[in-house]
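*Asks:* Sharing a model prediction with you, sequence too.
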Amino acid sequence: MMYVLVTRGVISGLGKGVIASSIGLLLKSCGLRVTSIKIDPYINSDAGTMSPFEHGEVFVFDDGNEVDFDLGNYERFLDITLTRDNNITTGKIYQSIIDKERKGDYLGKNV
């Protein structure tokens with residue numbers, strides 16, 4: 001399994017999505033299986049509650065998850081179906097940790 005990371009800060013409009021999609025399409029044309037994962041630093045668990053004036057448009061996956069519009073571009077460009085698992089936010093990670101803590105999974109340890 002290989003990973004290709006495309007990164008460049010939090011400034012929008014630099015072409016990170018186009019680069020990631022293009023690399024994915026090139027790898028796919030070579031016969032490799034590709035997928036795309038977008039990792040955002042937002043505390044929001046999904047893009048549905050974010051300001052469209054600050055964040056931009058929202059894309060809705062077939063599974064109903066509201067995500068960054070870049071993921072919609074990846075889905076169309078690469079001709080693949082993505083799910084909520086292809087979108088990771090800091091908020092989702094925090095929520096997962098809090099849910100585990102509330103269930104007692106950490107057995108009283110400091111988290």
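*Replies:* Good, I have the coordinates. Residues are numbered from 1 along each chain as shown.
*Asks:* What residues sit buried inside the least confident helix or strand in the chain by mean pLDDT?
*Replies:* Counting by mean pLDDT, DSSP states H and E, the chain has its least confident helix or strand at helix 52-55, which shows a mean of 77. Within helix 52-55, the residues scored as buried using 16 or more other C-beta atoms under 10 Å are residue 55. Using the backbone N, CA and C atoms, a C-beta is placed for each residue, glycine as well.
*Asks:* And the contacts of that helix?
*Replies:* With contacts defined as C-beta atoms under 8 Å, 6 or more residues apart in numbering, helix 52-55 is touched by 47, 58, 68.
*Asks:* Cross the residues you listed against helices and list the overlap.
*Replies:* Using DSSP state H, no member of the contacts of helix 52-55 falls within helices.
*Asks:* Turn the residues you listed into TSV, columns for neighbour count, pLDDT and distance to residue 80.
*Replies:* TSV is the format used below for those (neighbours: other C-beta atoms under 10 Å; pLDDT from 0 to 100; distance: C-beta to C-beta, whole Å):
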residue	neighbour count	pLDDT	distance to residue 80
47	25	80	19
58	17	87	19
68	23	84	16
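*Asks:* Tell me the one among the residues you listed nearest to residue 84.
*Replies:* Nearest to residue 84 out of those is residue 47 (C-beta to C-beta; 11.4 Å).
*Asks:* which ones are touching the closest one?
*Replies:* Per C-beta under 8 Å, 6+ apart, neighbours of residue 47: 55, 58-59, 66-69.
*Asks:* Could you give me the buried positions within stretch 62-82?
*Replies:* 65-68, 70-75, 77-78, 82.
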